[in-house]
Each structure stands twice: as C-alpha cells, then as structure tokens.
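In: Whatever this is, show me its structure:
(chains A, B and C, ligands or ions: 4)
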Amino acid sequence: MNNKQNSSLTQLVAIGIGSAVFFILGRFLSIPTPVPNTSVETTYPFLALMGAIYGPIPAALIGLIGHAVKDLLTYGLWWSWVLTSGVVGFGYGLIGRQLKVNEGEFDKNDMIRFNVGQVIVNAVCWIIVAPVLDILIYAEPASKVFTQGVVSAGLNSLAVGILGTILLKAYASTRTKAGSLKKD
Amino acid sequence: MNDRQPIIEFKQVNFKYQSQAEPNLIDISFAIYPGETVLIIGPSGSGKSTLAKCINGQVPYSYDGDLTGEILIQGKSTKDVSLFDLSLSIGTVLQDTDGQFVGLTVAEDIAFSLENDVVDQHVMKKQVSQWMNELDIEELHDHTPHQLSGGQKQRVSIAGVLIDQVPILLFDEPLANLDPASGYETMRLIDRLSQRQNLTTVIIEHRLEEALSTNVDRILVMHDGHLIANMTPDALLRSDILESIGVRQPLYLDLLDYAGIDLASIKQLGAFRPDMLNAEQRQTIASWTKTIHPPINTPASQSLIEVKQLSFAYDEDARSQTLANVNFSIAAGEMVSIVGSNGAGKSTLAKLLGGFLRPTHGDIYLKGQNIRDLSIKEIADSIGYVMQNPNHMISKNLIFDEVALGLVNRGVDAEEIETRVYNTLKICGLYPFRQWPISALSYGQKRRVTIASILVLQPSVMILDEPTAGQDYAHYSDMMRFLETINQEYQMTILMISHDMHLIQEYTTRSLVFSGGQLLADLAPSELFARKELIEEADLHPTSLYQVGALLPDVSINDLLKAFIAYERQQRGREVDPT
Amino acid sequence: MSQQQQAVLGYLPRNTFVHRLSGASKLICFLILSVITMTSYDTRFLLGVSVFAVVLMYFAKIRWRDIRMVVYIVTAISLINLVMIYIFEPEYGVDIYQSRTVLWEGIGRYSLTWEQLFYELNIAIKYFATIPFALIFMLTTNPSEFASSLNRVGVSYRIAYAVSLTLRYIPDIQQSYLNIRQAQQARGIEMSEKASLVSRIKHSAQIIMPLIFSSLERIEVISQAMTLRRFGKEKKRSWYSAKPFDRNDVLAIMVTLAITAVGVYCFVINQGRFYNPFG
Ligand SMILES: Nc1ncnc2c1ncn2[C@@H]1O[C@H](COP(=O)(O)OP(=O)(O)OP(=O)(O)O)[C@@H](O)[C@H]1O
Ligand SMILES: Nc1ncnc2c1ncn2[C@@H]1O[C@H](COP(=O)(O)OP(=O)(O)OP(=O)(O)O)[C@@H](O)[C@H]1O
Ligand SMILES: [Mg+2]
Ligand SMILES: [Mg+2]
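Out: Ligands and ions are numbered 1, 2, ... in the order given. Got it, this is the predicted structure:
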C-alpha cells in the first residue's frame, strides 16, 4: 500500500467505502452496554482512523453519509445525531492532520496528542452540538439531552481511546518504509 | 513490419515499488506494433502485472516508485499524457474483478465509462445492450454484483472495457476465473474483436494452452523482473525457455517430446492443429502409448462425507435453486475434483460443506455425524476450506501471522508454530516473503498465502476452490505434489474445484460434474471427455491431448491420457508401478 | 442466505405511481416533508401528515410485513425516550403550554399533568410522522437512481457517486464481514451461540481490524479502476439509470409544497411551534 493517498478520487472512494464500512460496523459490531439504548460504538474509532488518513472533509462526509445511510436503512433519519457524526468526523480529521500516520509514524507523543484531541472533539460534539440540535429540532428538554450527551461523550472517548489508538498504531505499522522489502 | 510506428514502446524501463529494496522491472525494452496480439507470460510475481501497470499509466500515476527509461504509447511518453487521456488509448481489464465492478448493476457497470464521457442516455442504453448481447450476458442486465459468479463478473468487466472502443486492449489474466468453454470463447472473442477492429491486444495469462487459441503474434516472457524473451510462439515453443522458468507448455508438446517426435518436422507451432501430425507420427504416438502401463487405482475405503438430497437457495423466494437435490459420498483418502460451468454452484457447495452456508433441504454427514449440529469451528477441525477469493480470508497484515493464525487460535506452542509455518511457507514458495505485509504481494502470491494458512492446520479434508487460478505451473505443481503426498501418507481427503482439465486428470481420481445446480455425473476424469453431451452441458473443453488422441489409430483417448499421466509420474520418480 | 439475512430495508420493486416517480422528485419531497414535520409541533398538522403518509404507503403497496420490524424498533426507541423525558423533566409540558392541569398528584416532583402527557404525545406523533416518508423513499426508490437524483438536486456528481459507491459496496463489505467472521471461526475462534456473550464481544473486536484494513486496500483498487475508466474527467457526467421528470413529478412536488404551506400557516396561527389547546 504505497499508492498516492491524497488524490481527490481516492478521497472520494474513501468517502464511499468508508461510509459503507461505517454502516456495517454500526450495524453488526456495536457492543451493547447494560445501560438501555446506549452501546459502545466501533464506528467512531474507525472514523478517527479515516480522519487521520484522509483528512477532515472526507471524514466529515463519512460520518454524515455513513450515519444517514445507517439510519435510513434501519429506522428513518435521526437528523441531530447524523449531523453530529459529520461534525465529529471533521474534528477527528483536524486532529489527524497533526499526525503523520501516513508516513508510518505514531509514537507516544502522537498517541497523547491524538487522545487529548479526541476527548475534546467528543466533548464538544456530544455535550454541545448534539444536545443543541436535539433541542432545536425536537424541542426535547435540556437536562435530558445534556445527560445523554455526557454519557455518549464518555463512551465514545473511551472507545476511540482504546480501539482508535490500536487502529492508528496498526495502520502506521502497515505503512512500509521505502526500500524496506527484501526477499531472504 | 518495422517500418511502422510502434503503438507501445518501452525503452530501457526500470521500475521499483517504493517499499521494495530491489527493482521489480529491470531494463525492459520492446515494441508492439498496431494490430498485434501479444501475450505476456512468466511465473507468479515475475512482474507481469507491474509491466501492465506501466503500459496503462498506473505506474507512475497511481503507484509511487522509481521509474526510469521511457514508455511511449502511440508515440507519446506516458509521462506527458494524463491518465485519462491514456485510458482513451488503452482499455484495461484488471486482475481483481471485485474492484473493477463499480456499478450497482451489470448494465450500469458496463455503461460506467460512457457515463463519465457524458454520453446521452439513449445512446448508452443502445450500446450497453449491444455489448451485453455480444458477450451473451443479456439476462444479467439488472443483477447486482453479489448475485454473480466469478466468471460472470469477469465477463461484465470485459464488456465494460470493450464498450470504449479503444485501440489497445490490456487484459490481466482474463481467463483466471472462467470455465474452460468460456475461456476458449473469451479468447475467440478477443481474437474476433481485435481482427474486426484492428485492435492491439496485450494479454497476461498463465493458461498458455488456452491463450494460444487466439492468433498470438508474439510472446513476451518475464522472469524475476527481466524480459527474457520476445519472440513468436513458434520460436518460443521450440526453445527451452518455458521449461527453465517453470511455465507449462501446451500439453501436446510434452506428449510429442515423450514419444520422441522431432519438433523440427512440424511447421508453425502454436495451438494444436490436426495437420501437425502425419500418419507416421500418429502411429509413433500410438505405439508409445502402448509401452506405458498405468497403475490400477485401488478403490477407496469407508465413506467420510455423505451428501444426501442436498438443496440450497440463496434467496428463499427464488424460483430456482442454486443447488438442487445433490447426492454423493466421498471416502476417506480420495482426491476428488468438482468441475462445471461458471455459476453452476461449485463454490456454494464448498461453502455448504464448510458450514459457512446451511442447506435449505437435505443433509451433510461428516464421519456419520450430521453437520447441522456442528459450528463452523467444529467443522473446521476436520474440513479446511480455501475460498475462491483470497481477500475474503486474509485477516492479518503480515504473511507469517496470517499463516500462523489458525495454530495460534488452537493454542499450539510458539516453537511448533514457527516450524510448521516455515515448512508450509517453503512448500508454497512463500518463505522468502515471510516477514512481508500481504499488501505487497502479487495476486497469485496472495492466493498461495490462503492455501498455506489452511494447509498448515493439516485438516482431514481439504476443500480448495480453484487453487490454481492465477498460479504458474511450477508453483502449483509443487503444491499439488505436496497435497498428493499428504493425501497418500496421511489419508487426507482432498476436494478440489477447478477449471483446469489437465490438473483434474493428473491429480484426481474422481470428478463431480455440475451444471445449473445439478450434479450431472460422478465419474473418473478420464471418462469425462468421452461424453460429448456432458462436455457441452458443463461448459468443459478438452485439452490438446484429446485432440491428439482423437487422431490416433487403435488407441483410445482414455488410454493416451492414462499413459501420459503415468509416464510423467514415472519421470518424476514417484510411484513407479511394480507391474 | 437465510441465517445471514438481517432486517435491512431495501428497494422493493413494485409498479405503483409512487415507484414510477423519479428518484430526484421523491428525494426533494422527502427532504422538504422531513424538515416541516421536524419543526412543527402542531398536533393537528402532524396527525394530518401521518394519515397522509399511511395512505401513501397503502398506494405504494408497502405491506405491514415489509415495515413491521422498523415499527417495532421505532416504538421501542420512542418509548424509552418518552420515559427518559419524563424522568428528567416531568413538568416540561407545563413550561411549554403555560398551564398546569394535574391528573395525579405524585411523589416529589413526579406528578402527572395533562400538559406533560400532551407534550409527550406530540413527540410520539412526531417520531411516527417523520419515519413514513423515509420509509417510502427507501422502499420505492431504486438505488441505481439514487446518485443521479442527488446530482439533480444539486449535490456534486462526485459526492453523489460516493453515495452510490456506499450502496454498491455495502453488500460486498457485509459479505466480507461475514466471510472474515466465518474464516476466523474456521481458524478456531468459537463465535456461534456456543460461546459466552462476553467472549463473543471480545472476539468480534478481532474482526474489526481485518475488515477495516481490507477496506482500505479496496479503496485503492477501486479508485484505480475508476480512474482507468475516466471517472472525474469531465465537469459533469450522465447517468445510465436516471429517470426524466414528468407530469406526476411536478404534481408530487406541488402537493409537498401545499402541505408545507399548511405547516407554515400553523406556525403563524399558533404564533410559534406549539399548538396549545390549554390556553
Ligand atoms: N503494490 C506493491 N508494492 C510493493 N511491491 C509490489 C506491489 N505489487 C507488486 N509488488 C511486487 O512486485 C513483484 C511483481 O508483482 P506483479 O504483481 O507484477 O507479479 P505478476 O507477475 O503479475 O504475478 P501474478 O502472476 O501472481 O499476478 C512481486 O514480487 C511483488 O511482491
Ligand atoms: N451470495 C449470493 N447471493 C445470491 N446469489 C448468489 C450468491 N453467491 C452466488 N450466487 C449465485 O449462485 C449461483 C452459483 O454461484 P457459485 O459461486 O456457487 O458458482 P460457481 O460454480 O462457483 O461458479 P464459478 O466457476 O464462476 O466460480 C450463481 O448463479 C450466482 O449468481
Ligand atoms: Mg499479476
Ligand atoms: Mg466459484
């Protein structure tokens, strides 16, 4: 995998395929928790990886399209959360820009930076953006949506912190260094 | 010919993928002229696909690496032309059909490049139906890709490229997934198109015998990144180049060789033609046949797998079933082949046996136990299944880890894992690459990784879904011989789905013939071709040995085949028959 | 694939006037109706729209068994949501409607008022008024038309095609997912019902990595195949399966606009989003 990463067509295909993966992960691989209606999503760690590889805009679109498709194929659209997923993707992309995983680098420092960043992104998105949209769109009571937001922010930070970090590390290690492959 | 301008020209081209330490193409120079049909052959991993990528511009546009020298297409350097403009000169059919098929349905995929050229909808519809007709896939018009068999997908890919009407067609292993009849048909189709429209055609293919059925003008031979030959089929077949790099020559040439017939007496070697042999030579071969005494097969022991009234449909509402009322049984230690048309249901059967799919009706018994009650893992302890598509099996980044995975999960200790994995990698010719990421392998190498990952577990039954597709002769015969050895020493039962008619004769004792979901016949492979109606119905195609056999005085085709295979075995010093 | 088939909503090819509408006009109608039903809290309007949607489903020959699963899921989610709202803000309805009619004097802050009940009823109706249009759109629109529809309503053809790729590769990736799962099981990981729930969850993490990495590789192969067939060369592209607009499409959009106008009129007479029967 040493192809040109950032051509606009590759980004476009990444949006298409990424959204499909987002859908499959959300549908088959979310890990239910004892709290009703909440689960540890494997989609957001994936989104973090896509943000690191392809940047903010593709990641935003993957969040948006992937979540919209997931909702449409299961139970109609939940607009507030769909939009939030888009914003989350964008945020992850901004953090990803600070990293160099495409060059195969992901050391301790990067790991800390990534995790501080992702916790901030999750906090902003789930504790501010999603609840505000819920209030604007569905006129739901503030205390309820903010509490939901805090729980989501916590769970997603945890998921991204563990699984996302593992994914980024694994991805960085597949980026084989130039001139390193030799038969022996 | 040389006064014409070449349409493709390589001048001292060198290329190295960025991640590689050593170059993958070394000092390649050749020219191809308009209207020529050129075949590229060579062992797996020798750089054929890489060469193709240089022709269509993927190198340097899509792959990073060091490219030196000059590549001229229609007189212009590929460095000065955009990839889009190049695609108007060259239509490419990729090796991996999963990626080539981007449309939601067959018709849309065929129309894809026209859509990109902003062609009017009604013009598109007309052209699409014309090409679907040409390739005989009209009934697939609205099918989605996952409703197609491997071969059907390949045909759609070909239609999607032909619709562009480009001057150069580039095929990377167009036959790899096709049944024999479709393989010959595709080659004839390519031939017809290239002649009618005066196309230049470049074909990469391992199946030399089938590939030669077009009028190939020239063959380029790749070996370890070098272009070691550039000559006419006739000259190449007379040389010993093929043997030296482990590519199988057409079977009839081996036969002539064994029977001691001098090739110098035959004009224009290529695909077999009856006029190649005169009466005297035919007699020579017939006499040679009688000197060989093939071993008699001992019938196998008690039954291991039993399939009873098995039916399966992917879609419960479907009118027709993918498999309908299939009955057979397989004894321990047998080597059985499964053959038949594309879409006949062979892979489906394999998935049912492996427990990946469950029967709609009927039962499968493994050692007397109904597998209905077993989980995939429990079945896998006895039945190892190598899938047709390597991308569906590979789950690790490094080759070693991939092959070791099954052993790790079974709790085998690290030391034993290492020896077993290394041994298997050696058998599969992958040992030098053991620490590589799988993404840096060629397609054929990837397929071998999946075979190794099951082989290492040494299950009592192994099901291989087209193990030789995209493999070169040297590697697959190593592997087949190994399979044969464990078959004999450990009584490992082997079921093999294959489109290679010679392979099934050489290595299997029984063939299950499928067509349209039905088990048409269950017989010895050598009897297969005596049954014309069977051949037609299951889209099989005889090898050149049959064509020779049909010409011989008082020797049956069956006798010739048996003699041929027995002779090769004796030559290899195995299994010398005491009679 | 019986045991693998999941309750995924998909196109049901039938021949009704709803199916024959072009995908683009259906998309426009769906989006406009979603926005108005989401913003309005006028009970009469939402009920009216819901009835309209059900009638439309009837004419589109969407059967109960096609949508049964979805209705169950949405009902479950709504119920949980409604209970949560009550737990967090039992007097929210009182705030909104500026009136308090106690039905049952409860413990602490948890009383039951008509206003709260009415507010929560509105939310429930709202969930059910927005869902049918999404369902109608999904079940009557051929996915092949999706991309061209998006393109026609102003989305760039590249993004539109990305959506088409998503739909194209969902079955493939789902198949890969199943295959990876099976291949892993065949390599000795127990994932059937015979393993405990906890270990199944732990093991499912093992599938995520190969799924993601094989998808990354797929991205590169596909983008090369698309380049080789000139995707992105021109400023626009034509669509093999686009449907032209006809009279019925214009009609559908006009009906949608009329409904929207009623919705907006409700804002005016209610002087806000909420219809207040208590004032
Ligand atoms: N993307 C890549 N990155 C690094 N190395 C690569 C890449 N693709 C191929 N190679 C290496 O280049 C060599 C030639 O590969 P190529 O795909 O051209 O082989 P091939 O002759 O087409 O083989 P096959 O018959 O198996 O398809 C192989 O040794 C392979 O390891
Ligand atoms: N997942 C699936 N869902 C629906 N139909 C399928 C699926 N897989 C295969 N089919 C259909 O079932 C039939 C048999 O397919 P199968 O893959 O078993 O054929 P095959 O004999 O292996 O062909 P090939 O030689 O081309 O690999 C084909 O008509 C195919 O279109
Ligand atoms: Mg190749
Ligand atoms: Mg098959």
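In: Would you mind listing where the stretch 1-150 of chain C has pLDDT under the threshold?
Out: C:1-9 (pLDDT under 70).
In: which residues of chain A fall in strands?
Out: A:31-32, A:39-40 (DSSP state E).
In: could you dump the ones you listed to JSON lines with mean pLDDT, mean neighbour count and distance to residue B:328?
Out: In short, each C-beta sits where N, CA and C put it, glycine included. What follows is the strands of chain A, written out as JSON lines (pLDDT from 0 to 100; neighbours: other CB atoms under 10 Å in any protein chain shown; distance: least, CB to CB, whole Å):
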{"stretch": "strand A:31-32", "mean pLDDT": "69", "mean neighbour count": "14", "distance to residue B:328": "43"}
{"stretch": "strand A:39-40", "mean pLDDT": "74", "mean neighbour count": "16", "distance to residue B:328": "46"}
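In: Ligand 4: which of the ones you listed is closest?
Out: strand A:31-32 (34.4 Å; CB to the ion).
In: And the residue nearest the centre of chain A?
Out: residue A:47 (2.4 Å; CA atoms, centre = their mean).
In: mind checking how far it is from residue C:160?
Out: 21 Å (CB to CB, to the nearest Å).
In: go on, residue B:506?
Out: The gap separating residue B:506 from residue C:160 is 52 Å, by CB to CB.
In: that older thread, so what pLDDT did the residue nearest to the centre of chain A get?
Out: Per-residue confidence for residue A:47 comes out at a pLDDT of 96.
In: What strand or helix carries the most centrally placed residue in chain B?
Out: What sits nearest the mean C-alpha location of chain B, by CA atoms, centre = their mean, is residue B:469, with 2.5 Å. If you go by DSSP states H and E, residue B:469 is not part of any helix or strand.
In: I figured it hits residue B:177, correct?
Out: Yes: Residue B:469 is in contact with residue B:177 according to CB atoms under 8 Å; the separation is 6.0 Å.
In: hmm, back to that, so how many other residues sit close to the closest residue to the residue nearest to the centre of chain A other than its chain neighbours?
Out: Nearest residue to residue A:47, sequence neighbours excluded (CB to CB, 6 or more residues apart in numbering or on different chains): residue A:89, at 5.1 Å. The tally of other residues near residue A:89 (other CB atoms under 10 Å in any protein chain shown) stands at 32.
In: And the helices in chain C, which stretches?
Out: Ranges of helices within chain C are C:17-20, C:23-39, C:43-59, C:64-88, C:92-97, C:114-140, C:143-152, C:157-186, C:197-228, C:247-270, based on DSSP state H.
In: Can you tell me what sits against stretch C:58-72?
Out: A:74-76, C:7, C:9, C:12, C:14, C:16-19, C:57, C:131, C:135-136, C:139-140 (CB atoms under 8 Å, 6 or more residues apart in numbering or on different chains).
In: of the residues you listed, buried ones?
Out: Neighbour counting with 16 or more other CB atoms under 10 Å in any protein chain shown marks A:74, A:75, A:76, C:9, C:18, C:19, C:57, C:131, C:135, C:136, C:139, C:140 as buried within the contacts of stretch C:58-72.
In: Now tabulate the residues you listed in TSV and tack on distance to ligand 4.
Out: Formatted as TSV, the buried ones among the contacts of stretch C:58-72 follow (distance: CB to the ion, whole Å):
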residue	distance to ligand 4
A:74	32
A:75	36
A:76	38
C:9	30
C:18	39
C:19	34
C:57	40
C:131	41
C:135	36
C:136	38
C:139	32
C:140	34
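In: Residue B:484 contacts residue B:506, doesn't it?
Out: No: counting by CB under 8 Å, residue B:506 is not a contact partner of residue B:484; they are 9.4 Å apart.
In: Okay, now the unreliable bits of chain A?
Out: Using pLDDT under 70, the flagged stretches of chain A are A:1-6, A:32-38, A:76, A:176-180, A:184.
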